[in-house]
Each structure stands twice: as structure tokens, then as C-alpha cells.
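**Q** when you get a sec, could you give me coordinates for this:
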Amino acid sequence: MEPEKNAGLNINSAPDSKHAPKKENPEKNNLTEKQKEKRKNVITVLAGIAIIATLAVSGIKYSEHVKASPVVTTTAAEITQLSQTTTTESITTTTENALAQKVESYSEAMEKYRGMSVKEFEALPRDERLLYSQYIIDRTISHDNYDEAYGEGEIGQDFAIEYTPVSTNNNGQEIMDNILYANQISFLQFRVTEESKKIYNLSDGIKCLSSVYSEVGDEKIVTNDYLDNKALKETFKGVTALSNINIVTDTSAMLDGIGGNGNKIKYKSIMLNTESDTTFNTKCEYVEFTGYDGTLQNIWLLENQIETTK
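**A** Below is the predicted model:
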């Protein structure tokens, strides 16, 4: 397995309920100096789009699955690399270990996608792209990288949310949180250089976005959000935690329609407000695909997004 520990999304709130960040932890006054210093590093950068509207802190887990928030930048050095050595004694029956073992067993098969350029990867059929982007997310979770950015005492803890298993019954808040979760993980990718330095893994960070957007690429996309997201990633040297807050106000029933690629799709239309009081009409597509382990998977992808107020 590559020499990296990738950081690589369950919420039951009603679609019209407010999805606010967690209340301040009363124990925050007991934070270590290192944790306090991390919180000083939180910055907010308005990107003008709902999914990455603010850069500061947010998160998502995919395999057992979501976390949300604005974007916070931390240095790659603050993400601790775990040992890749696994002994028989350390293997238990926990879900986390089962996921880690599955990810490890498919590492060699995923090498061809890992080695592709972003342009080559974007040209792949969507189901094939999803296969690898989901592997990235599972790898991130199995190495606890998400928790290192959004866990207790970490910079993104107040914005952490749990990923909701995907179904056609998901409400709008669950759908948007799941999409944001995958997006957050895309900002947590890093690689280790020959000098043992950890820097942002731009290639995997962008490839992970196939679990966020229905269409990708510089020429054929359904929303400029994808291009803005890519451009933002190109400015990073280390991993970053997102802190967007999207509050869903209305969700349609499952609808039939035509996607940006001309194909028939099933989707839900979702109205949401951002922390900057901007309203978006968002179309989220329900997609079925075969995962990297051969099992049937479901996912919600951002198909289109229109700003309705400024």
C-alpha cells in the first residue's frame, strides 16, 4: 500500500429543520495548547458556491458514512501518519478493522486509477470513476484521517456530522450532508514525499470529486462548481477541513428527468440556504453503481445547482 495515511459520511433531521454546527464544547477550556493553536488557524474563504462556500472546517465519512462545515487549513504535518504494519494480534472483528483490511486487499487493483492523470480519469465512464473515488473515501476513513480533522478536540469537531446510508427515502438535509461529506474528504488527501514530508495530494483530491458531482471534466460538466473546486484545491499545500453550513428548506419527491449528459435520471430537487444567506435550487441525482469490491452501491450526486438569491 502507498506510504500514506489518507484522510481522505447518519443524520435524521427533517428537511426543513435547521442543521446547525454542534454547540460549543464546555470542555474547550481544557484544550491543549496545540489544540488551541489549531483553532487559531481556521480561516473562512468565500468561494461563492454552496458546496465549498466557506473554507474552514467540515467533514464526512463514506463507508459507514458525513460531516459538514467552512474551510480550515492545517498543515500536512499535523496529520499523523499511522503505521502500515498490521500484526495478527492487532486484527479484531471491529468494523473499522474490517474496512481497513478490505481497503488493503484492493490496493493493488486500484493502482491503475491512482497512477492516471486527472484528465485521463475524468474521461472514464462515471461508474468506473465512482469505483475509485469510493475507494479513496474508504481508505481515508479506515486510516482515521477524517477523525483527525473532525474528531473531539480537533479543528473541525464543532462541524462534524455523521453520514447517512443512502436510500430513495433520504431527506434533503441528509442528501446535502452526504454530498458535503464526500467533498470534505476530498480536501483531506495527502501524500508523503521522498523527504518524508506530507503534502496535499491534488490528484486524489480531484478524483475524489467523482463522489460529489454527477459530471466532471473541463469541457462537459453540469455546474461550474466542479471547476471552482478544482481551482481551489490547486492552491493548497496541506490538507484542509471544510466548515460549510447548508440548511435545507424544501425537498421534492423523487422525480424523473434528463441529466446534463442527456440521459434519463432519477433526482430530488432541494432548496437550501448557506451561512451567507444565499439560496440555491439544487438537483441531486440518485445513482446506482458497482463498487470496487463488486457490491451494489448507491450514492447521491450533485447534478446541477442554481443560485436563486444574492
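**Q** pretty sure residue 161 sits in a helix.
**A** No. Counting by DSSP: H, G, I helix; E, B strand; the rest coil, residue 161 is located in no helix; its state is coil.
**Q** neighbours of it, how many?
**A** Neighbourhood size, residue 161 [other Cβ atoms under 10 Å]: 28. From N, CA and C alone the C-beta is placed, and that goes for glycine too.
**Q** show me the strands in the chain, by range?
**A** Ranges of strands in the chain, per DSSP state E, are 72-73, 190-192, 198-200, 240-241, 246-251, 255-258, 264-274, 279-290, 296-307.
**Q** deepest in the core, which of these is it.
**A** Among the strands of the chain, ranked by average contacts under mean count of other Cβ atoms under 10 Å, first place goes to strand 240-241 (a mean of 32).
**Q** quick one: mean pLDDT over it.
**A** Mean pLDDT, computed over strand 240-241, is 86.
**Q** what strands flank that strand, and is each parallel or antiparallel?
**A** If you go by DSSP bridges, strand 240-241 pairs up with strand 72-73 (antiparallel).
**Q** how about the strands of the chain in JSON lines, adding distance to residue 184?
**A** Converted to JSON lines, the strands of the chain look like this (distance: least, Cβ to Cβ, whole Å):
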{"stretch": "strand 72-73", "distance to residue 184": "11"}
{"stretch": "strand 190-192", "distance to residue 184": "14"}
{"stretch": "strand 198-200", "distance to residue 184": "14"}
{"stretch": "strand 240-241", "distance to residue 184": "7"}
{"stretch": "strand 246-251", "distance to residue 184": "12"}
{"stretch": "strand 255-258", "distance to residue 184": "27"}
{"stretch": "strand 264-274", "distance to residue 184": "15"}
{"stretch": "strand 279-290", "distance to residue 184": "17"}
{"stretch": "strand 296-307", "distance to residue 184": "14"}
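**Q** weakest of the ones you listed in terms of mean pLDDT?
**A** When these are compared by mean pLDDT, strand 72-73 comes last with a mean of 28.
**Q** who's in contact with residue 213?
**A** Taking Cβ atoms under 8 Å, 6 or more residues apart in numbering as the contact definition, residue 213 lies against 221-223, 225-226, 301-302.
**Q** look at residue 277 and say how many residues are nearby.
**A** Look at residue 277: counted by other Cβ under 10 Å, it has 8 neighbours.
**Q** ok, residue 126 next?
**A** Neighbour count of residue 126, defined by other Cβ under 10 Å: 18.
**Q** residues in contact with it?
**A** 210, 214-215, 287, 289.
**Q** need the residues you listed in TSV with distance to residue 239, can you?
**A** Output for the contacts of residue 126, formatted as TSV (distance: Cβ to Cβ, whole Å):
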residue	distance to residue 239
210	19
214	26
215	26
287	27
289	27
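**Q** now do the same for residue 89: its pLDDT.
**A** pLDDT, residue 89: 39.
**Q** re earlier: which of the contacts of residue 213 tops the neighbour count?
**A** Highest neighbour count within the contacts of residue 213: residue 302, with 27 neighbours (other Cβ under 10 Å).
**Q** surely that one touches residue 229?
**A** No. Taking contacts as Cβ atoms under 8 Å, residue 302 lies outside contact range of residue 229: 10.3 Å.
**Q** coming back round to it: narrow the contacts of residue 213 to those in helices?
**A** The members of those that map onto helices under DSSP state H are 225-226.
**Q** of the contacts of residue 213, closest to residue 192?
**A** residue 226 (27.4 Å; Cβ to Cβ).
**Q** spatially nearest residue to that closest one (excluding sequence neighbours)?
**A** residue 213 (4.9 Å; Cβ to Cβ, 6 or more residues apart in numbering).
**Q** then residue 252?
**A** Per Cβ to Cβ, 6+ apart, closest to residue 252 is residue 269, 4.1 Å.
**Q** list the beta-bridge partners for that neighbour.
**A** Beta-bridge partners for residue 269, by DSSP bridges, are residue 283.
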